[in-house]
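Chemist: Need coordinates for the below:
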Amino acid sequence: MKSRRKFIKTAGAMATSGLILGPYACAPKKSEESGEQTVAASDAMGDEATKDLGIQLYTLRNQISENLEGTIEKVANIGYTWVEGFGYENGQILGKTPTEWQTILQNNGLNMPSMHAVTELTTEGGKQAIMDAMRRAAEDAKTAGSDYLIYAYLQEEERQSMDDYKRHAENFNDFGEICKEVGLQFGYHNHDFEFKRFGEQIPYDYLLQNTDNSLVKFELDLYWITKAGEDPVAYFNKYPGMFPLWHVKDMEPGEEKFFAEVGQGTIDFQRIFEAGNTAGVKYYFVEQDQSRRNPLESVEMSFKYLQDADFFA
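Modeler: Numbering: from 1, shown residues only. Next up is the predicted model:
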């Protein structure tokens, strides 16, 4: 488990950047219910020893659209160590070249071990065009300093049958080969739709069972798997070592199952984190797809909860 204690000096720390080709991130789009007031970044951690923790920047998409560098600085001041970003398109990450993006992070004491990408899975250009798009994404991720390239989201039309998932498993193995050649590890990030059965088959299990486990890893979203009615720990036990990255997010009680700040909802994080070694987890990314408050306040609440949690060492 790659959670080490370190001292935060100056701005703070954070480092996993996830790129997403196109506008897609970890959740279907909805308008945010957040306050308009700006929450100042906290320097409360000071020089205290902190636990390495990342953030998926999609959480702060509105703030980033208004002031990218200022938002990154606030994230660092909270105390995050890693960022996982989004918004990779036409060779740029959130409108910056990979080199420019890496410089912004380094200026704030952050790293980006992971990057999200959504490339074409069906195109008139055929298989070669699909692979070329992934290679470019992988090369840009490497330039930006990432170790993981994560496929972030399957479009609805790409998940209508098990035949779709069988095709994706083949593509993911090929993506894994490309990433290996570039010096990255390829992975796949889930939502809840991968657990919708087609007959007796669960697509998520099919992907786990029919991809090369040295070429394809999985970033488990703890909210979405829970919302699907599945148990993360059961998956860790069934597929040990396959989940080096997690999205850590909580769920409000009630039928809506709305997103909550970590520790403020219903998910049993102690039980999940205690199974981290079985999962093979290395990187933890807080994410909150939507928030009822200012998202900067939400991610600070989640950060503080996990810093104080005895089960997260």
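Chemist: going forward, measure contacts and count neighbours with C-alpha atoms only.
Modeler: OK.
Chemist: for the stretch 1-150 of the chain, which spans come out with low pLDDT?
Modeler: By pLDDT under 70, the low-scoring segments of the stretch 1-150 of the chain are 1-49.
Chemist: and Y284, what does it touch?
Modeler: L53, G54, I55, L245, W246, H247, V248 (C-alpha atoms under 8 Å, 6 or more residues apart in numbering).
Chemist: could you dump those to JSON lines with secondary structure and neighbour count?
Modeler: Compiled in JSON lines, the contacts of Y284 are given as follows (DSSP: H, G, I helix; E, B strand; the rest coil; neighbours: other C-alpha atoms under 10 Å):
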{"residue": "L53", "secondary structure": "coil", "neighbour count": "24"}
{"residue": "G54", "secondary structure": "strand", "neighbour count": "32"}
{"residue": "I55", "secondary structure": "strand", "neighbour count": "31"}
{"residue": "L245", "secondary structure": "strand", "neighbour count": "24"}
{"residue": "W246", "secondary structure": "strand", "neighbour count": "22"}
{"residue": "H247", "secondary structure": "strand", "neighbour count": "24"}
{"residue": "V248", "secondary structure": "strand", "neighbour count": "23"}
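Chemist: out of those, which one sits closest to E156?
Modeler: Of all the contacts of Y284, E156 sits closest to H247, with 21.3 Å by C-alpha to C-alpha.
Chemist: contacting residues for the closest one?
Modeler: With the criterion set at C-alpha under 8 Å, 6+ apart, H247 makes contact with Q56, E219, L220, D221, L222, Y223, Y284, F285, V286, E287.
Chemist: Name the residues of the helix or strand encompassing L306 that come out as buried.
Modeler: Using DSSP states H and E, L306 falls within helix 295-308. Of the residues in helix 295-308, those buried under the neighbour-count criterion (16 or more other C-alpha atoms under 10 Å) are 295-307.
Chemist: Turn the residues you listed into JSON lines, including distance to C179.
Modeler: Formatted as JSON lines, the entries for the buried residues of helix 295-308 read as follows, by distance: C-alpha to C-alpha, whole Å:
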{"residue": "P295", "distance to C179": "33"}
{"residue": "L296", "distance to C179": "33"}
{"residue": "E297", "distance to C179": "36"}
{"residue": "S298", "distance to C179": "34"}
{"residue": "V299", "distance to C179": "31"}
{"residue": "E300", "distance to C179": "33"}
{"residue": "M301", "distance to C179": "35"}
{"residue": "S302", "distance to C179": "32"}
{"residue": "F303", "distance to C179": "31"}
{"residue": "K304", "distance to C179": "34"}
{"residue": "Y305", "distance to C179": "35"}
{"residue": "L306", "distance to C179": "32"}
{"residue": "Q307", "distance to C179": "33"}
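Chemist: with these in mind, which one is nearest to E89?
Modeler: Nearest to E89, judged by C-alpha to C-alpha, of those is P295 at 24.1 Å.
Chemist: got a pLDDT number for the closest one?
Modeler: The score at P295 is 98. That number is its pLDDT.
Chemist: going forward can the numbers begin at 7, since that is how I track them
Modeler: In the new numbering, first residue 7, that becomes P301.
Chemist: I'd say it and T65 touch.
Modeler: Yes: between P301 and T65 there is a contact at 6.7 Å, judged by C-alpha atoms under 8 Å.
Chemist: tell me, what's touching these two both at once?
Modeler: Applying C-alpha under 8 Å, 6+ apart, one finds that P301 and T65 are jointly contacted by Q294.
Chemist: After the helix or strand that contains P119, which helix or strand is next? Please name it.
Modeler: Here P119 is covered by strand 117-123, with elements defined by DSSP H and E. Counting by DSSP H and E, the element after strand 117-123 in chain order, helix or strand, is helix 132-149.
Chemist: tell me the angle that next one makes with strand 117-123.
Modeler: Calculated by axes from the mean of the first three to the mean of the last three C-alpha atoms, to 10 degrees, helix 132-149 forms an angle of 160 degrees with strand 117-123.
Chemist: Return the list of helices and strands in contact with helix 132-149.
Modeler: helix 104-113, strand 154-157, helix 168-188 (3 or more C-alpha pairs under 8 Å, 6 or more residues apart in numbering; DSSP states H and E).
Chemist: Alright, I will stop here.
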